[in-house]
Structure formats: C-alpha cells, structure tokens
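**Q** below are the sequence and a predicted model for it; my questions follow.
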Amino acid sequence: MKAPCAEGCFSSHLLCILSSQYSRIQNCTSSRRMWPQGAAFVALPLLGPTLVWLLTHHWMSGWCDSLRRLPWCPSHRVVLLVWTAIYSITGYASYLVWKDLGGGFGWPLALPLGLYAVQLAISWTVLVLLFTAHPPGLALLHLLLLFGLVVSTALIWHPINKLAALLLLPYLAWLTVVSSITYRLWRDSLCPEHQPQPTWEKSD
C-alpha cells in the first residue's frame with residue numbers, strides 16, 4: 001500500500017511545481033504586456049510641456065521680467081522641468097489605477113480616468129496661460145480649478161489604489177507654489193505699488 005501512496009504524493013508534488021511555474025510564466029508574460037502600456041501612460045502627459053515649448057518659447061524667458069519681476073520667481077526652464085517631473089509621476093499613478101481596474105476601456109474606468117483626462121487638459125492650458133496671459137488672472141482661475149480637480153481625482157483614486165492617490169500629493173504641493181506665484185504676478189499687474197522696486201530706485 002505504500003507504493004500507491006508514494007506515487008500519489010509524488011504526482012501531487014509534481015503538479016504543485018508545474019502549477020507554480022505556470023503562474024510565474026503567466027505573471028512574467030503579463031508584466032511584459034503591461035510594460036508598453038505603462039510607458040504610454042507615463043509619456044502621454046509629457047505631450048503638454050512639449051507642445052507648450054513649441055508654441056510659447058518666444059515668451060517664456062520674460063514671464064517674470066519687466067513690470068512683473070519677482071526675486072523668488074523661478075525661471076521658465078525650472079517651471080517646465082518641475083512640470084515634466086510631475087507629469088511623469090501622475091502618468092504612472094494613472095497607470096496604477098488603470099491596471100487595478102482591469103485595464104481596457106470599460107465603464108469602471110470612465111470616472112477615475114475621465115477626471116484625470118480633464119485635469120490634464122486644464123493643466124496644459126495653465127502652462128500656456130502662465131507664459132502668455134497678461135495679466136495672469138485667467139491663469140490663476142485655471143490653477144484654482146485645477147487644484148480642485150486634482151483633489152477630486154485623489155479622493156476617487158484612493159479606494160482603487162492608495163499609492164496612486166499619494167503620488168498626487170507632490171502635484172498639489174507644486175500647484176500651491178505656482179498659484180502663489182501667479183497670484184503675486186496678478187496682484188502686481190493690478191496694483192503697481194506692490195511691485196518690487198529695482199535696486200537703483202531704492203538707493204535714491
């Protein structure tokens with residue numbers, strides 16, 4: 001009676017090994033299939049800074065110059081670099097949400113990724129307005145709208161993927177910085193007495 005038992009144990013052990021190897025192959029194949037899709041989600045938001053550079057690079061270098069000069073205003077290159085990093089992070093976060101909802105283009109994706117697409121379009125608009133709107137009041141309104149959309153997106157993403165929601169926190173922090181700069185530029189454009197005076201005027 002021991003031989004059949006030994007054969008049964010051996011066969012079950014062999015089945016376990018084969019099943020484990022098969023699941024590993026499936027996971028590896030699945031991750032390989034997901035890699036180009038994840039790269040696409042990361043690359044998609046980067047279209048915004050690229051288009052903005054092509055359309056507004058003539059005005060970028062002077063966005064804080066002349067009457068709207070601020071001693072703590074970052075250069076246009078720093079602004080674009082930070083936006084690019086933020087877009088890469090949020091693109092990866094959207095991929096996590098898409099993957100956790102099963103991928104594809106089903107109805108469960110409509111709200112979380114639809115809201116993400118809306119805020120992405122608004123953020124691209126903000127980039128254009130930051131460098132072209134004079135005065136920058138319109139850019140400030142879009143920034144406030146964008147902040148609310150990003151908060152709503154984070155709240156919707158949190159039950160789906162907590163990491164994706166947390167990855168939006170740097171986005172909100174950057175929007176706070178940009179909003180404060182834009183508010184100052186808008187205030188100075190309306191009230192010239194609040195503008196920083198050149199050093200040669202202060203010495204008189």
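**A** In hand now; what should we look at? All values derive from a computational prediction rather than experimental measurement.
**Q** Glu181 - nearest residue in space that isn't next to it in sequence?
**A** That one is not Glu; residue 181 is Ile. Cys73 (5.9 Å; CB to CB, 6 or more residues apart in numbering). Bear in mind the C-beta positions are built from the backbone N, C-alpha and C, glycine included.
**Q** residues touching the strand or helix carrying Val97, excluding its own?
**A** Taking DSSP states H and E as the definition, Val97 sits inside helix 76-100. With contact meaning CB atoms under 8 Å, 6 or more residues apart in numbering, helix 76-100 is reached by 34, 37-38, 41-46, 48-49, 52-53, 60-61, 63, 74, 109, 112-113, 116, 120, 123, 127, 130-131, 157, 160-161, 163-165, 167-168, 170-171, 174, 178.
**Q** just the buried ones among the residues you listed, please.
**A** 38, 41-42, 45, 48-49, 52, 60, 63, 74, 109, 112-113, 116, 120, 123, 127, 130-131, 157, 160-161, 164-165, 167-168, 171, 174, 178 (16 or more other CB atoms under 10 Å).
**Q** of those residues, which belong to helices?
**A** Among the buried ones among the contacts of helix 76-100, the ones falling in helices (DSSP state H) are 38, 41-42, 48-49, 52, 60, 112-113, 116, 120, 123, 127, 130-131, 157, 164-165, 171, 174, 178.
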